[in-house]
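Undergrad: just coords:
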(Lines give C-alpha, C1' and ligand atoms only; values in the text may rest on other atoms or scores of the structure.)
Protein backbone atom coordinates (compact mmCIF):
# COMPACT_ATOMS: atom_id res chain seq x y z
CA UNK A 1 0.00 0.00 0.00
CA UNK A 2 1.47 3.32 -1.06
CA UNK A 3 1.63 6.07 1.56
CA UNK A 4 1.32 8.50 -1.30
CA UNK A 5 -2.43 8.65 -1.95
CA UNK A 6 -3.93 12.06 -1.23
CA UNK A 7 -7.55 13.21 -1.04
CA UNK A 8 -7.21 16.67 -2.56
CA UNK A 9 -10.84 17.55 -3.19
CA UNK A 10 -14.26 16.51 -1.92
CA UNK A 11 -17.78 17.67 -2.59
CA UNK A 12 -21.41 16.75 -2.14
CA UNK A 13 -24.85 18.22 -2.60
CA UNK A 14 -27.67 18.44 -0.05
CA UNK A 15 -29.55 15.15 0.09
CA UNK A 16 -33.27 15.18 -0.75
CA UNK A 17 -36.32 12.99 -0.37
CA UNK A 18 -37.36 11.03 -3.48
CA UNK A 19 -39.26 13.27 -5.88
CA UNK A 20 -37.63 16.45 -4.58
CA UNK A 21 -34.19 16.11 -6.19
CA UNK A 22 -32.64 16.77 -9.57
CA UNK A 23 -32.13 13.79 -11.86
CA UNK A 24 -29.12 11.55 -11.18
CA UNK A 25 -26.99 13.03 -13.97
CA UNK A 26 -27.48 16.59 -12.74
CA UNK A 27 -26.75 15.56 -9.15
CA UNK A 28 -23.63 13.66 -10.20
CA UNK A 29 -22.36 16.60 -12.24
CA UNK A 30 -22.93 19.03 -9.36
CA UNK A 31 -21.01 16.84 -6.90
CA UNK A 32 -18.10 16.35 -9.31
CA UNK A 33 -17.86 20.07 -9.97
CA UNK A 34 -17.86 20.73 -6.23
CA UNK A 35 -14.99 18.28 -5.69
CA UNK A 36 -12.96 19.71 -8.57
CA UNK A 37 -13.49 23.23 -7.26
CA UNK A 38 -12.44 22.12 -3.78
CA UNK A 39 -9.31 20.53 -5.25
CA UNK A 40 -8.56 23.61 -7.33
CA UNK A 41 -8.12 21.76 -10.64
CA UNK A 42 -9.92 21.47 -13.93
CA UNK A 43 -11.50 18.29 -15.23
CA UNK A 44 -8.83 18.07 -17.94
CA UNK A 45 -6.31 16.90 -15.32
CA UNK A 46 -8.41 13.89 -14.30
CA UNK A 47 -7.08 10.69 -15.90
CA UNK A 48 -9.68 8.11 -14.80
CA UNK A 49 -13.12 8.13 -13.17
CA UNK A 50 -15.12 5.58 -11.17
CA UNK A 51 -18.86 6.03 -10.69
CA UNK A 52 -20.84 4.25 -7.96
CA UNK A 53 -24.60 3.73 -8.18
CA UNK A 54 -27.17 0.95 -7.77
CA UNK A 55 -30.39 2.00 -9.52
CA UNK A 56 -29.61 3.13 -13.04
CA UNK A 57 -28.75 2.11 -16.58
CA UNK A 58 -25.29 1.02 -17.57
CA UNK A 59 -22.99 3.99 -18.33
CA UNK A 60 -24.92 6.31 -16.02
CA UNK A 61 -21.50 7.44 -14.81
CA UNK A 62 -20.69 8.72 -18.28
CA UNK A 63 -24.06 10.47 -18.45
CA UNK A 64 -23.13 12.40 -15.30
CA UNK A 65 -19.56 13.20 -16.35
CA UNK A 66 -20.45 14.32 -19.85
CA UNK A 67 -21.99 17.39 -18.28
CA UNK A 68 -18.58 18.23 -16.85
CA UNK A 69 -16.56 17.57 -19.99
CA UNK A 70 -15.77 15.20 -22.85
CA UNK A 71 -12.13 14.32 -22.33
CA UNK A 72 -12.15 10.70 -23.47
CA UNK A 73 -10.87 9.29 -20.16
CA UNK A 74 -11.81 5.79 -18.96
CA UNK A 75 -15.02 5.81 -16.92
CA UNK A 76 -15.89 2.68 -14.92
CA UNK A 77 -19.36 2.07 -13.44
CA UNK A 78 -19.44 0.30 -10.07
CA UNK A 79 -22.43 -1.47 -8.48
CA UNK A 80 -21.74 -3.10 -5.10
CA UNK A 81 -25.10 -2.42 -3.47
CA UNK A 82 -24.84 0.06 -0.59
CA UNK A 83 -21.01 -0.06 -0.74
CA UNK A 84 -20.92 1.18 -4.34
CA UNK A 85 -19.56 4.63 -3.51
CA UNK A 86 -16.71 3.36 -1.36
CA UNK A 87 -16.01 0.64 -3.93
CA UNK A 88 -15.48 3.42 -6.48
CA UNK A 89 -13.18 5.12 -3.97
CA UNK A 90 -11.31 1.84 -3.43
CA UNK A 91 -10.72 1.50 -7.18
CA UNK A 92 -9.59 5.11 -7.47
CA UNK A 93 -7.15 4.65 -4.58
CA UNK A 94 -5.79 1.47 -6.15
CA UNK A 95 -5.22 3.21 -9.48
CA UNK A 96 -3.16 5.93 -7.84
CA UNK A 97 -1.32 3.62 -5.42
CA UNK A 98 -0.29 1.33 -8.28
CA UNK A 99 0.96 4.18 -10.44
CA UNK A 100 -1.60 3.45 -13.18
CA UNK A 101 -2.82 7.05 -12.87
CA UNK A 102 -1.86 10.17 -10.96
CA UNK A 103 -5.23 11.92 -10.63
CA UNK A 104 -8.50 9.99 -10.41
CA UNK A 105 -12.09 10.89 -9.69
CA UNK A 106 -14.45 8.78 -7.56
CA UNK A 107 -18.08 9.81 -7.41
CA UNK A 108 -21.43 8.32 -6.53
CA UNK A 109 -25.08 9.20 -6.94
CA UNK A 110 -28.54 7.76 -6.54
CA UNK A 111 -31.98 8.83 -7.68
CA UNK A 112 -34.23 6.70 -5.51
CA UNK A 113 -37.94 6.03 -5.32
CA UNK A 114 -40.12 6.01 -2.24
CA UNK A 115 -40.57 2.82 -0.27
CA UNK A 116 -38.50 0.00 1.18
CA UNK A 117 -35.63 -1.58 -0.73
CA UNK A 118 -35.80 -5.02 -2.24
CA UNK A 119 -38.64 -4.95 -4.75
CA UNK A 120 -38.77 -4.83 -8.53
CA UNK A 121 -36.25 -7.59 -9.23
CA UNK A 122 -36.52 -9.79 -12.36
CA UNK A 123 -38.41 -13.00 -11.63
CA UNK A 124 -36.61 -15.18 -14.18
CA UNK A 125 -33.27 -15.48 -12.33
CA UNK A 126 -32.01 -16.10 -8.80
CA UNK A 127 -31.46 -12.95 -6.74
CA UNK A 128 -27.84 -12.01 -6.15
CA UNK A 129 -28.47 -12.14 -2.39
CA UNK A 130 -30.03 -15.61 -2.50
CA UNK A 131 -27.47 -17.20 -0.16
CA UNK A 132 -28.01 -14.47 2.43
CA UNK A 133 -31.77 -14.74 2.17
CA UNK A 134 -31.58 -18.54 2.45
CA UNK A 135 -29.42 -18.19 5.55
CA UNK A 136 -31.95 -15.74 7.01
CA UNK A 137 -34.83 -18.12 6.36
CA UNK A 138 -32.91 -20.95 8.00
CA UNK A 139 -32.06 -18.82 11.04
CA UNK A 140 -35.38 -17.07 11.67
CA UNK A 141 -37.91 -17.86 8.96
CA UNK A 142 -39.42 -15.29 6.62
CA UNK A 143 -42.25 -12.85 7.25
CA UNK A 144 -44.22 -12.10 4.11
CA UNK A 145 -44.91 -8.40 3.73
CA UNK A 146 -42.06 -7.24 5.95
CA UNK A 147 -39.30 -5.29 4.18
CA UNK A 148 -36.41 -7.53 3.14
CA UNK A 149 -33.61 -5.39 4.54
CA UNK A 150 -35.49 -4.85 7.80
CA UNK A 151 -35.79 -8.62 8.21
CA UNK A 152 -32.03 -9.05 7.83
CA UNK A 153 -30.91 -6.19 10.05
CA UNK A 154 -33.85 -6.52 12.41
CA UNK A 155 -32.97 -10.18 12.78
CA UNK A 156 -29.39 -9.20 13.62
CA UNK A 157 -30.68 -6.75 16.22
CA UNK A 158 -32.90 -9.41 17.74
CA UNK A 159 -29.99 -11.85 17.84
CA UNK A 160 -27.91 -9.28 19.70
CA UNK A 161 -30.72 -8.64 22.18
CA UNK A 162 -31.19 -12.37 22.77
CA UNK A 163 -27.46 -12.95 23.25
CA UNK A 164 -26.79 -10.11 25.68
CA UNK A 165 -30.20 -9.61 27.28
CA UNK A 166 -30.69 -5.96 26.40
CA UNK A 167 -33.80 -3.94 25.50
CA UNK A 168 -34.25 -2.00 22.29
CA UNK A 169 -34.01 1.35 24.08
CA UNK A 170 -30.33 1.41 23.17
CA UNK A 171 -31.24 1.04 19.48
CA UNK A 172 -33.66 3.95 19.89
CA UNK A 173 -30.97 6.10 21.50
CA UNK A 174 -28.78 5.62 18.41
CA UNK A 175 -31.53 7.18 16.28
CA UNK A 176 -31.89 10.09 18.72
CA UNK A 177 -28.13 10.69 18.62
CA UNK A 178 -28.12 10.65 14.81
CA UNK A 179 -30.81 13.34 14.62
CA UNK A 180 -28.95 15.46 17.14
CA UNK A 181 -25.83 15.33 14.98
CA UNK A 182 -27.76 15.98 11.76
CA UNK A 183 -29.22 19.17 13.21
CA UNK A 184 -25.84 20.76 12.48
CA UNK A 185 -25.56 19.39 8.93
CA UNK A 186 -27.08 21.49 6.13
CA UNK A 187 -26.70 18.51 3.76
CA UNK A 188 -28.90 16.22 5.85
CA UNK A 189 -32.54 15.34 5.06
CA UNK A 190 -33.86 14.87 8.61
CA UNK A 191 -32.70 17.55 11.05
CA UNK A 192 -35.56 17.83 13.54
CA UNK A 193 -34.93 16.32 16.98
CA UNK A 194 -36.67 13.14 18.11
CA UNK A 195 -36.95 11.40 21.47
CA UNK A 196 -36.56 7.79 22.54
CA UNK A 197 -40.32 7.73 23.01
CA UNK A 198 -40.85 8.97 19.44
CA UNK A 199 -38.61 6.23 18.08
CA UNK A 200 -40.20 3.41 20.04
CA UNK A 201 -43.73 4.59 19.18
CA UNK A 202 -43.10 4.78 15.41
CA UNK A 203 -44.56 1.96 13.25
CA UNK A 204 -43.03 -1.46 13.85
CA UNK A 205 -40.98 -2.93 10.99
CA UNK A 206 -39.37 -6.19 12.11
CA UNK A 207 -37.89 -7.57 15.32
CA UNK A 208 -36.82 -4.63 17.50
CA UNK A 209 -36.88 -2.17 14.61
CA UNK A 210 -39.37 0.65 14.24
CA UNK A 211 -39.56 3.04 11.30
CA UNK A 212 -37.41 5.67 13.00
CA UNK A 213 -34.68 3.05 13.42
CA UNK A 214 -34.48 2.59 9.61
CA UNK A 215 -32.70 4.86 7.16
CA UNK A 216 -34.86 6.53 4.51
CA UNK A 217 -34.56 6.21 0.71
CA UNK A 218 -32.77 9.36 -0.42
CA UNK A 219 -31.45 11.10 -3.51
CA UNK A 220 -28.03 12.72 -3.66
CA UNK A 221 -24.45 12.68 -4.90
CA UNK A 222 -20.89 13.10 -3.62
CA UNK A 223 -17.38 12.98 -5.09
CA UNK A 224 -13.67 12.92 -4.25
CA UNK A 225 -10.50 13.72 -6.20
CA UNK A 226 -7.68 11.27 -5.43
CA UNK A 227 -4.10 11.86 -6.56
CA UNK A 228 -0.49 11.05 -5.84
CA UNK A 229 1.56 13.29 -3.59
CA UNK A 230 3.89 14.08 -6.48
CA UNK A 231 0.97 15.19 -8.64
CA UNK A 232 -0.42 17.32 -5.82
CA UNK A 233 2.88 19.07 -5.21
CA UNK A 234 3.48 19.69 -8.93
CA UNK A 235 0.11 21.36 -9.24
CA UNK A 236 0.20 23.23 -5.94
CA UNK A 237 -2.63 21.20 -4.39
CA UNK A 238 -3.17 20.51 -0.72
CA UNK A 239 -1.54 17.44 0.83
CA UNK A 240 -3.06 17.57 4.31
CA UNK A 241 -5.27 14.44 4.11
CA UNK A 242 -4.17 11.06 2.82
CA UNK A 243 -5.58 7.54 2.78
CA UNK A 244 -3.39 5.78 5.31
CA UNK A 245 -4.98 2.34 4.81
CA UNK A 246 -7.97 0.82 3.07
CA UNK A 247 -9.37 -2.69 2.86
CA UNK A 248 -12.26 -4.22 0.97
CA UNK A 249 -13.75 -7.59 1.95
CA UNK A 250 -16.51 -9.86 0.79
CA UNK A 251 -18.45 -12.51 2.72
CA UNK A 252 -16.81 -15.24 4.76
CA UNK A 253 -18.38 -18.70 5.35
CA UNK A 254 -19.92 -17.64 8.66
CA UNK A 255 -22.28 -15.31 6.84
CA UNK A 256 -24.14 -18.32 5.49
CA UNK A 257 -23.41 -21.35 7.67
CA UNK A 258 -23.27 -20.04 11.24
CA UNK A 259 -26.98 -19.48 11.86
CA UNK A 260 -25.99 -16.11 13.35
CA UNK A 261 -27.84 -13.15 11.82
CA UNK A 262 -25.17 -10.75 13.09
CA UNK A 263 -22.66 -12.51 10.87
CA UNK A 264 -25.14 -12.80 7.99
CA UNK A 265 -25.40 -8.99 7.78
CA UNK A 266 -21.66 -8.42 7.50
CA UNK A 267 -20.01 -8.51 10.93
CA UNK A 268 -17.17 -10.74 9.73
CA UNK A 269 -16.54 -8.56 6.67
CA UNK A 270 -16.33 -5.43 8.80
CA UNK A 271 -14.19 -6.94 11.55
CA UNK A 272 -11.72 -8.46 9.08
CA UNK A 273 -11.39 -5.26 7.05
CA UNK A 274 -10.97 -3.10 10.15
CA UNK A 275 -8.34 -5.41 11.66
CA UNK A 276 -6.30 -5.29 8.47
CA UNK A 277 -6.61 -1.52 8.23
CA UNK A 278 -5.35 -1.05 11.78
CA UNK A 279 -2.44 -3.40 11.13
CA UNK A 280 -1.47 -1.63 7.91
CA UNK A 281 -1.63 1.85 9.42
CA UNK A 282 -0.05 0.92 12.74
CA UNK A 283 -2.89 2.41 14.76
CA UNK A 284 -5.69 0.92 16.84
CA UNK A 285 -9.32 1.72 17.50
CA UNK A 286 -8.23 3.60 20.61
CA UNK A 287 -6.59 6.15 18.27
CA UNK A 288 -9.87 6.88 16.45
CA UNK A 289 -11.99 9.80 17.63
CA UNK A 290 -14.31 10.26 14.66
CA UNK A 291 -16.07 7.60 12.56
CA UNK A 292 -18.57 7.56 9.74
CA UNK A 293 -20.10 4.07 9.71
CA UNK A 294 -22.91 2.35 7.86
CA UNK A 295 -26.00 2.88 10.03
CA UNK A 296 -28.61 1.70 7.53
CA UNK A 297 -30.49 0.53 10.63
CA UNK A 298 -29.73 1.46 14.22
CA UNK A 299 -29.09 -2.21 14.92
CA UNK A 300 -26.28 -2.20 12.37
CA UNK A 301 -24.62 0.85 13.89
CA UNK A 302 -24.89 -0.92 17.23
CA UNK A 303 -23.16 -4.15 16.16
CA UNK A 304 -20.62 -2.29 14.00
CA UNK A 305 -19.25 -0.52 17.09
CA UNK A 306 -17.95 -3.93 18.11
CA UNK A 307 -16.88 -5.06 14.63
CA UNK A 308 -14.65 -1.97 14.35
CA UNK A 309 -13.24 -2.49 17.83
CA UNK A 310 -14.65 0.77 19.21
CA UNK A 311 -15.95 -1.17 22.20
CA UNK A 312 -15.42 -4.83 23.22
CA UNK A 313 -17.90 -7.49 22.16
CA UNK A 314 -21.04 -7.46 24.28
CA UNK A 315 -20.55 -3.89 25.53
CA UNK A 316 -22.31 -1.84 22.84
CA UNK A 317 -25.30 -1.11 25.08
CA UNK A 318 -23.07 0.46 27.75
CA UNK A 319 -21.16 2.31 25.02
CA UNK A 320 -24.43 3.89 23.87
CA UNK A 321 -25.95 4.49 27.31
CA UNK A 322 -22.73 6.21 28.49
CA UNK A 323 -22.81 8.52 25.43
CA UNK A 324 -19.40 7.27 24.34
CA UNK A 325 -20.62 7.47 20.72
CA UNK A 326 -21.10 11.24 20.62
CA UNK A 327 -19.51 14.58 21.47
CA UNK A 328 -17.93 14.49 24.91
CA UNK A 329 -17.59 10.70 24.74
CA UNK A 330 -14.84 8.41 23.52
CA UNK A 331 -15.53 8.68 19.78
CA UNK A 332 -17.97 10.74 17.73
CA UNK A 333 -19.87 8.32 15.49
CA UNK A 334 -21.57 9.73 12.40
CA UNK A 335 -21.18 13.47 13.08
CA UNK A 336 -22.96 13.99 9.74
CA UNK A 337 -26.11 12.33 11.09
CA UNK A 338 -25.26 9.16 9.22
CA UNK A 339 -27.52 7.25 6.89
CA UNK A 340 -30.28 7.44 9.47
CA UNK A 341 -30.62 11.23 9.34
CA UNK A 342 -28.40 12.57 6.57
CA UNK A 343 -29.99 10.03 4.22
CA UNK A 344 -28.80 7.03 2.22
CA UNK A 345 -28.62 7.55 -1.55
CA UNK A 346 -26.94 4.19 -2.05
CA UNK A 347 -24.21 5.02 -4.55
CA UNK A 348 -23.42 8.36 -2.92
CA UNK A 349 -23.11 7.17 0.68
CA UNK A 350 -19.47 6.06 0.58
CA UNK A 351 -18.31 9.32 -0.98
CA UNK A 352 -20.47 11.38 1.39
CA UNK A 353 -18.77 9.62 4.31
CA UNK A 354 -15.40 10.40 2.75
CA UNK A 355 -16.37 14.06 2.32
CA UNK A 356 -17.47 14.43 5.94
CA UNK A 357 -14.28 12.87 7.29
CA UNK A 358 -12.03 14.97 5.09
CA UNK A 359 -13.85 18.07 6.32
CA UNK A 360 -13.36 16.85 9.89
CA UNK A 361 -9.61 16.34 9.44
CA UNK A 362 -9.25 19.75 7.78
CA UNK A 363 -11.22 21.44 10.56
CA UNK A 364 -13.95 22.49 8.11
CA UNK A 365 -16.95 20.73 9.66
CA UNK A 366 -18.38 23.89 11.24
CA UNK A 367 -20.78 23.13 14.12
CA UNK A 368 -20.14 19.39 13.68
CA UNK A 369 -16.40 19.73 14.19
CA UNK A 370 -14.86 17.19 16.54
CA UNK A 371 -12.45 19.13 18.72
CA UNK A 372 -9.01 18.24 19.98
CA UNK A 373 -6.65 17.98 17.03
CA UNK A 374 -7.82 15.01 14.98
CA UNK A 375 -5.12 12.88 13.37
CA UNK A 376 -7.18 9.95 12.05
CA UNK A 377 -10.72 9.31 10.81
CA UNK A 378 -12.33 5.95 10.09
CA UNK A 379 -14.93 5.08 7.44
CA UNK A 380 -17.07 1.91 7.19
CA UNK A 381 -19.40 1.29 4.25
CA UNK A 382 -21.30 -1.98 3.86
CA UNK A 383 -23.23 -3.59 1.01
CA UNK A 384 -25.02 -6.88 1.45
CA UNK A 385 -24.35 -9.51 -1.12
CA UNK A 386 -21.62 -8.58 -0.14
CA UNK A 387 -18.96 -5.91 0.09
CA UNK A 388 -17.43 -3.94 2.95
CA UNK A 389 -14.90 -1.14 2.60
CA UNK A 390 -13.07 0.28 5.62
CA UNK A 391 -10.89 3.32 5.01
CA UNK A 392 -8.56 5.14 7.38
CA UNK A 393 -7.74 8.77 6.64
CA UNK A 394 -4.76 10.50 8.19
CA UNK A 395 -3.99 14.17 8.64
CA UNK A 396 -0.48 15.22 7.64
CA UNK A 397 1.82 16.37 10.41
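TA: The structure has been received and is ready for your questions. Fair warning: this is a prediction, and the values are worked out from it, not measured in the lab.
Undergrad: Okay, now the unreliable bits of the stretch 1-150 of the chain?
TA: Within the stretch 1-150 of the chain, the ranges that satisfy pLDDT under 70 run 1-3, 115-121.
Undergrad: what are the ranges of the helices in it?
TA: In the stretch 1-150 of the chain, helices defined by DSSP state H, counting those that start in this stretch lie at 24-39, 60-65, 84-98, 130-140, 148-164, listed in chain order.
Undergrad: Comparing the ones you listed, which comes out most buried?
TA: Burial of those is given as mean neighbour count (mean count of other CB atoms under 10 Å); helix 84-98 ranks first at a mean of 25. Just so you know, the C-beta spots here come from the backbone N, C-alpha and C atoms, and that holds for glycine as well.
Undergrad: Most distant residue from the centre of this structure?
TA: What lies farthest from the middle of the chain is residue 234; by CA atoms, centre = their mean that is 31.6 Å.
Undergrad: Just send the helices of the stretch 1-150 of the chain back as CSV, with distance to residue 215 too.
TA: Output for the helices of the stretch 1-150 of the chain, formatted as CSV (distance: least, CB to CB, whole Å):
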stretch, distance to residue 215
helix 24-39, 18
helix 60-65, 22
helix 84-98, 14
helix 130-140, 19
helix 148-164, 9
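Undergrad: looking at these, which is closest to residue 354?
TA: Closest approach to residue 354 among these is made by helix 84-98 (6.0 Å; CB to CB).
Undergrad: any idea how far that closest one is from the chain center?
TA: 14 Å (CA atoms, centre = their mean, to the nearest Å).
Undergrad: follow-up on the earlier one: would you mind measuring from the residue farthest from the centre of the chain to residue 22?
TA: Distance, residue 234 to residue 22, by CB to CB, to the nearest Å: 35 Å.
Undergrad: Tell me how many other residues surround the closest residue to residue 86 other than its chain neighbours.
TA: Nearest residue to residue 86, sequence neighbours excluded (CB to CB, 6 or more residues apart in numbering): residue 350, at 3.0 Å. The local packing of residue 350 (other CB atoms under 10 Å) involves 34 other residues.
Undergrad: per-residue confidence at residue 350?
TA: Here the pLDDT value assigned to residue 350 is 98.
Undergrad: hang on, it packs against residue 93?
TA: No - the pair residue 350 / residue 93 is not scored as a contact, 11.8 Å apart, by CB atoms under 8 Å.
Undergrad: Okay, strands next: where are they in this structure?
TA: 5-12, 48-52, 75-78, 103-110, 204-206, 209-210, 220-228, 241-249, 290-292, 332-333, 376-383, 387-395 (DSSP state E).
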